[in-house]
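Engineer: need a 3D model of the sequence below.
(2 chains)
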Number of protein chains: 2
Amino acid sequence: MNNKLLEGVDSPADLKKLSVEDLPALSQEVRQEIIRICSRGGLHLASSLGTVELTVALHYVFSSPTDRILWDVGHQAYGHKILTGRKAQMDTIKKEGGLSGFTKVSESVHDAITVGHASTSLANAFGMALARDAQGESFHVIPVIGDGALTGGMALAALNSIGYKQSKMLIVLNDNDMSISENVGAMNGYFRTLQVQKWFQSAEKGGKKLVGKLLGDLVSRAKDAARTFFDPHSKNPFTAMNLRYVGPVDGHNVKELVYLLEKIKELDGPTVLHVITRKGKGMEVAESNPIYWHSPSKFDVDSPLEVNKKGYTWSNAFGDAMIEIVAQRKDVYVITPAMREGSGLVEFAAKHPERYLDTGIAEEVAVTAAAGMALRGIKPVVAIYSTFLQRGFDQLVHDVAIENLNVVFAIDRAGVVGADGPTHHGVFDLSYLRLVPNVQIAVPKDALELRGMLKASLEQTGPVAIRYPRGSVQPVAAGEWGKLEWGTWERLVSGDDIVILGTGKGLEYALEAVQGASNVGVVNARFVKPLDAVMLTQIARSARAIITVEDNTVVGGFGGAVVEFLAAHDLKPEVRVLGIPDHFMDHAEIPSLHAQAGIDAAGIRRTLETLGVAFAAAPVAAD
Amino acid sequence: MNNKLLEGVDSPADLKKLSVEDLPALSQEVRQEIIRICSRGGLHLASSLGTVELTVALHYVFSSPTDRILWDVGHQAYGHKILTGRKAQMDTIKKEGGLSGFTKVSESVHDAITVGHASTSLANAFGMALARDAQGESFHVIPVIGDGALTGGMALAALNSIGYKQSKMLIVLNDNDMSISENVGAMNGYFRTLQVQKWFQSAEKGGKKLVGKLLGDLVSRAKDAARTFFDPHSKNPFTAMNLRYVGPVDGHNVKELVYLLEKIKELDGPTVLHVITRKGKGMEVAESNPIYWHSPSKFDVDSPLEVNKKGYTWSNAFGDAMIEIVAQRKDVYVITPAMREGSGLVEFAAKHPERYLDTGIAEEVAVTAAAGMALRGIKPVVAIYSTFLQRGFDQLVHDVAIENLNVVFAIDRAGVVGADGPTHHGVFDLSYLRLVPNVQIAVPKDALELRGMLKASLEQTGPVAIRYPRGSVQPVAAGEWGKLEWGTWERLVSGDDIVILGTGKGLEYALEAVQGASNVGVVNARFVKPLDAVMLTQIARSARAIITVEDNTVVGGFGGAVVEFLAAHDLKPEVRVLGIPDHFMDHAEIPSLHAQAGIDAAGIRRTLETLGVAFAAAPVAAD
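Structural biologist: Sure thing, here's the model as predicted:
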């Protein structure tokens, strides 16, 4: 690959030395570099391909780090990283000790926000613009937000505030008609209407000359507070929020983008630039299946193929169970906030569209719509990642738990998630769920237990949360549901001196850790709330020490529940609480994070040793 | 007062027996009854006065409980309660054992949702409509949402989903140009524009005849999918979301409302009916100052006067401190999500508009805008109620805590709040804040300590939460900041046998409880995270027992922190964790709730007695 232009670019300042005429070629070099980097698998390919020209144009026209470019979600920012001095480190992206997969303030002065969750850029930009104005500064603030992320409630609410305050900023709407799954929502329909508007077609045909003329018009009209450019009388959600609207424009014509941005830069107040991009742009297979190529497995750059290397995952186990359950009972409904693929719901959605709701990136709506359904006799199952349920915390308390409604939360990606890092680790749910009255919490040890819990949860009164991790699990035959006594724990290894109470991954590690140890018991603590009070009391009365192991913060989680229980009952065995430490863990492979946290088999063995346990045989090598 | 029509109405069915011609008189009776009920003070007067005619019309046209009327926030629903069989209990409203101040599912079959927080009605309605359609039912779903609540992100996101799914429902926009404070946001400006539109003026002049003609037009046009009624080419946020828009109409003409609702009832898909109401309608003083009369103190029905009986509150102490602080340092900014009055910020906002941001009812935006400011060198102080910060939980984790940004959270209404009940009790914050890495948590014992903490918090690195309760506090002279060693606890009563660690209200009660007890110490545990490890270790080594007292759930809060610390350090005094029990407490006076929870002086004394403490003198009567 010949990266002759890119070779000379180690900062935005270098980029500005190039002629505008060079930018299309540079964009191609950036694009090829992104494809090369992502070919190792597990990276965000399609989104970053879609924003190449936009990235080049923004850095050409604006001056980072003085000007602040805020990439919403941040997974489309590989081009941004390449152009802002991190070219040489791109092969470390998402690896332990390497670059983050998203933008991260502590990684580079060019990363305006630390991000990973969608829809945050506008409120952040709003705060930055107010800070700028309060301090008499004059830098530009440029949030770049996808049409999917714009459906998030906090993004819409921020637009409303920005329109009200008229803070100067350029909001780039990166419209590729995609979130990770398909886009939903009425505004999306509106964006599609805009795309076929005659103005856009004319602009495309007439090219730069027409755009130039219209821009001249724009600038003069801006002075008398006209807030729209194309078709001011259209039903436009931006103009309805008092934002100047420009667009839509072709997001892959870098020269036109530069021309436009130079003009818009001068405008006062908030402006929305509606840019049409194509996810996966420039890579044929990715353009035709951007959902797969959102984050593909390893591929050959010269002949990229779709490879599903993930095997059978917990998400699949959930989706398969729901297909069987919905065939058996007509009162079930599955809700996801824009995570159809990630939650294992592709087949369910296709087979049961009448029992399936995608709210878009709006977790609050997903949770409260579930409450509404539960109030009318439906048993909703909200399929949601642990980290995203944080978005629906108040809705869980206020709309679901107070009335003890029958809502099931199927919480995927619980525990550390690996390469996606601190914005995505689902290590708080046991704690934030446990503190909410009426919520029951279950943690399956395998797919069979997950199935049993799902089925049984629909018979419970009140909200139930079932949390399971990212990654693979042994599949279970259809029709198998196991035998689960709701609310009980399960002794898996007998032993009285020390008893390890393990949940989920913690249990798996505990079983490995006790090999060769004598009189150390292991219990599958599959219900975190309520605890199995009978078994716990029994253990606490007989055991010298209890070790709790969870893939959740050590603050207020399962271990916290156990020590609170023991204190309340004046039971005084020694207790060791093992879990995720009380700081944000960086990205790394999951086993490495577990080892750092000391919850893997080796870590548990170390803890056992501090309690005086000797191992009969040499322990199995720690993984 | 002559309530001859109202006397015969004990259900919506009774209401329907009246002639339309009777409805204006009935409305007046309902209005007078609301004024009479609210004259005892502490109730939501102005909002309920504004919705009288709307309430009468909705119950006249629709059939609750089959049809579901969802009152957003629920504090405007006094008329609804009166008309749905609770007439005789209205004098118990917000009293212990009496009616809730909001709608509550467990209180009446006519209350469609349990509510208290704003902006939830649309997502609930969306869920109900989907449940209805999935089950082949045909009832009507009618969310009634204020223009203030509509600025909430989850409301906007729900609109987007409703427009997409085209679920049949009638969304009533109750537009009084007010939330509890003033309304902000660009959409609000838009609503104001609509109000002066010529169509509205014409309709007002022409009266029912014109409206009737237009409605005929509406119904026929609806069939060919025309989605707007008045002025289809306007910049209308509803039509932009693919919602049929009707309005604006006069919300105090009950006969016209009935006529309109009868027509709209037949329409398919989602319709927005934009109703203009006046907060405080029909009560002169309330119309002219709806902010005071939102929830007035006790008044004389015949000559209502404004009386500030609240004395000096924690909120005042916060607001006064911020006025002094902003005079001393130029890098401070105060942010509130629509709680200017409640947070003690009226004077601050007037004196320092350039350092003050009201995001409207959008807590997520308040928190993340603070993050954006902190990233640009401002020290934002987010003034927010404990229960509403639940709305910004993910933003606190993702946008503030991961990068350890300098954001101060001034958390008002922490602990039980009394008459507002379970939707508003701020009893989870110590738990949900403590589980977030990097967050420091402080709990002042009095106004001086609050001031010291506020000042010192601005010198800290990373997020700081300072939580204080609803209610009055002894004022402190300007310029007094006290001496506070950050992170340390304070011994207030010496004693070694048993030590009570009290936070906030818990400390106040502990000081009262130990009167007459010997060798029981009391510590002001004013930092909940991190704990004062030195003092706690010292106490745990010497004391026989520790009692923790907090106005927060017993799950994962301050007591949880203490038992986790003790377990981690193998310290084994007996521990009693006193706090709010793990269920949702109903509304009642705050002291009564504290007594129920056993955290008042009497409760602490009972706990001391179980630990064998004898009291030298007869204890002071419990309050």
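Engineer: what sits against the nearest residue to residue A:411 once chain neighbours are set aside?
Structural biologist: Closest residue to residue A:411 in three dimensions, ignoring its sequence neighbours and counting by C-beta to C-beta, 6 or more residues apart in numbering or on different chains: residue A:467, at 4.1 Å. Every C-beta, even on glycine, is put in place using the N, C-alpha and C of the backbone. Taking C-beta atoms under 8 Å, 6 or more residues apart in numbering or on different chains, we find residue A:467 in contact with A:386, A:411, A:414, A:426, A:429-430, A:441-443, A:504.
Engineer: ok, now residue A:607?
Structural biologist: If you count contacts by C-beta under 8 Å, 6+ apart, then residue A:607 has A:547, A:576, A:578, A:598 around it.
Engineer: burial count for the third one?
Structural biologist: If I follow you right, that is residue A:578. 26 (other C-beta atoms under 10 Å in any protein chain shown).
Engineer: any figure for the gap between it and residue A:585?
Structural biologist: Relative to residue A:585, residue A:578 is positioned 14 Å away (C-beta to C-beta, to the nearest Å).
Engineer: if we can go back for a sec, next up, phi/psi of the residue nearest to residue A:411, please.
Structural biologist: phi -110, psi 140 (degrees, to the nearest 10).
Engineer: three-state assignment of residue A:172?
Structural biologist: strand (DSSP: H, G, I helix; E, B strand; the rest coil).
Engineer: partners of it in the sheet?
Structural biologist: residue A:144, residue A:273 (DSSP bridges).
Engineer: wait, doesn't it sit right on residue A:144?
Structural biologist: Yes. Residue A:172 lies in contact with residue A:144 (C-beta atoms under 8 Å); the separation is 4.3 Å.
Engineer: overlap in contacts of the two?
Structural biologist: Common neighbours of residue A:172 and residue A:144 (C-beta under 8 Å, 6+ apart) are A:54, A:58.
Engineer: was I right to think residue A:532 contacts residue A:485?
Structural biologist: No. Taking contacts as C-beta under 8 Å, residue A:532 lies outside contact range of residue A:485: 9.6 Å.
Engineer: compare the two (neighbour count), which wins?
Structural biologist: residue A:532 (20 against 11).
Engineer: OK, contacts around that one?
Structural biologist: A:487-489, A:525.
Engineer: show me what contacts the residue in the stretch 351-500 of chain A that chain B sits nearest to?
Structural biologist: Closest residue of the stretch 351-500 of chain A to chain B, C-beta to the nearest C-beta: residue A:372 (2.4 Å). Residue A:372 sits next to B:113, B:123-131 when contact means C-beta under 8 Å, 6+ apart.
Engineer: cool, and residue A:313?
Structural biologist: A:344, A:470-473.
Engineer: how many neighbours does the closest residue to residue A:429 other than its chain neighbours have?
Structural biologist: Leaving aside its sequence neighbours, residue A:429 sits nearest to residue A:386 (C-beta to C-beta, 6+ apart; 4.5 Å). Residues near residue A:386, counting by other C-beta under 10 Å, number 29.
Engineer: test my guess that residue A:156 contacts residue B:153.
Structural biologist: Yes. Taking contacts as C-beta under 8 Å, residue A:156 lies within contact range of residue B:153: 5.8 Å.
Engineer: how about residue A:404, phi and psi?
Structural biologist: Note on residue A:404: its backbone torsions stand at phi 50, psi 50 [degrees, to the nearest 10].
Engineer: what about the strands in the stretch 101-250 of chain A?
Structural biologist: Ranges of strands in the stretch 101-250 of chain A, per DSSP state E, counting those that start in this stretch, are A:141-146, A:169-175, A:244-250.
Engineer: one more: the stretch 251-400 of chain A?
Structural biologist: Under DSSP E, counting those that start in this stretch, the stretch 251-400 of chain A gives strands at A:270-276, A:332-336, A:356-358, A:379-385.
Engineer: which parts of stretch A:13-29 are buried?
Structural biologist: A:14-15, A:18, A:22-23, A:26-29 (16 or more other C-beta atoms under 10 Å in any protein chain shown).
Engineer: that stretch: how far from the chain's middle?
Structural biologist: Relative to its chain's centre, stretch A:13-29 lies at 32 Å (C-alpha atoms, centre = their mean, to the nearest Å).
Engineer: OK, now which residue of the stretch 1-150 of chain A is nearest to chain B?
Structural biologist: Taking C-beta to the nearest C-beta, the stretch 1-150 of chain A has residue A:127 as its residue nearest chain B, at 2.5 Å.
Engineer: let's see stretch A:489-498 as CSV, backbone CA atoms only.
Structural biologist: The C-alpha coordinates for stretch A:489-498 follow below in CSV (Å, rounded to 0.1, in the frame of the first residue of the first chain):
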residue,chain,number,x,y,z
TRP,A,489,-28.5,-21.9,45.9
GLU,A,490,-26.8,-25.1,44.9
ARG,A,491,-23.9,-26.9,46.6
LEU,A,492,-21.5,-28.0,43.8
VAL,A,493,-18.4,-29.0,45.9
SER,A,494,-18.8,-30.1,49.4
GLY,A,495,-16.5,-28.7,52.1
ASP,A,496,-17.0,-27.0,55.4
ASP,A,497,-13.9,-25.2,56.5
ILE,A,498,-14.1,-22.6,53.8
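Engineer: as a whole number, average confidence for it?
Structural biologist: For stretch A:489-498, the mean per-residue pLDDT is 97.
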